[in-house]
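In: fold the stuff below for me.
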Amino acid sequence: MDRRNFLKITGISGAMIGVSPSTITAQLRADDGTLFVAYEKVQLVDADGNALKASGLKVETNYLFNYPFVGTPSILLDLGEETAKDVKLTSEDGEEYIWKGGVGAKRTIVAYSAICSHQLAHPTPEDSFVQYLARGKTTMACEQKGGIIVCSSHLSAFDTKQGCKHIAGPAEQALAAIIIEVAEDDTLWASAVLGPDKFHEYFKRYKPEMKKFYGGKRKAKKRVKDSALTVTLNEYTKEIIQY
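Out: Presented below is the predicted three-dimensional model:
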């Protein structure tokens, strides 16, 4: 997968197949509206423009797609185990919100912003300090063996089965959750962001990077529409850094 082509395709309508978003029956996971922002509902597709299917996801594999903006990376996961339900989380400002849990037939599918809530480390086509660590694997960030997203930039860790609740390191809040819906035909759609996001600060801090990879901050801040190209993290970046 050519990384430049990935960045050019992300956020651009591809060959759309499957079902209209209006026929999706799954309910949004944040029905109280707290710290919840709805964006364009977009279908997750592969490099050939084919609809991604929930049943086709490889368990405990890092998938990356950009949402809700062209320049904001997110991680999609099938954890292989059912998540917790109705997890109460608190922002660094003290505001509480509820993460409803995973989606899919076994409630194992989750997605989170790949922008660390501490110092905004994130995946780029050159490298990534942020990744999901499979169960049983170890990290310097905490004693918990896997099942977590780790930011190796400053060793923060987040529990993916608990709404990416912060469990170790200097981060003071969870990663923002990306709301995923599974349609009746098993296709996957992103529709909203739950929790405090760092998007404004991220775009401001990484202005040179936005120009390098996306052609400028204005283009990077465009909302993704219709479809979002989804690839594995190994396909997206040259180097994954993990301690």
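In: what residues are up against the nearest residue to residue 172 once chain neighbours are set aside?
Out: The shortest distance from residue 172 to any non-neighbouring residue, by Cβ to Cβ, 6 or more residues apart in numbering, is to residue 92 (4.1 Å). The way it works is simple: take the backbone N, C-alpha and C, and place the C-beta from them, glycine included. Residue 92 sits next to 117, 172-173, 196 when contact means Cβ atoms under 8 Å, 6 or more residues apart in numbering.
In: identify each buried residue in stretch 162-178, please.
Out: Buried residues in stretch 162-178, defined by neighbour count with 16 or more other Cβ atoms under 10 Å: 162-169, 171, 173-178.
In: likewise for stretch 108-125?
Out: Those would be 108-124, for stretch 108-125 by 16+ other Cβ under 10 Å.
In: same question for that stretch, mean pLDDT?
Out: For stretch 108-125, mean pLDDT is 97.
In: where does the prediction get shaky in this protein?
Out: Counting by pLDDT under 70, the chain has low-confidence residues at 1-34.
In: quick one, longest strand in it?
Out: For the chain, the longest strand by residue count, based on DSSP state E, is strand 36-45.
In: helices or strands up against that one?
Out: Identification of packing neighbours for strand 36-45 by 3 or more Cβ pairs under 8 Å, 6 or more residues apart in numbering; DSSP states H and E yields strand 188-194, strand 227-229.
In: ok, the residue nearest to residue 128 when sequence neighbours are not counted - contacts?
Out: Leaving aside its chain neighbours, residue 128 sits nearest to residue 237 (4.6 Å; criterion: Cβ to Cβ, 6+ apart). Neighbouring residues of residue 237 by Cβ under 8 Å, 6+ apart: 3, 123-128.
In: what do you get if the cut-off is 7 Å, keeping everything else the same?
Out: 123-128 (Cβ atoms under 7 Å, 6 or more residues apart in numbering).
In: residue 74 is in contact with residue 113, correct?
Out: Yes - if you go by Cβ atoms under 7 Å, residue 113 and residue 74 touch, sitting 5.5 Å apart.
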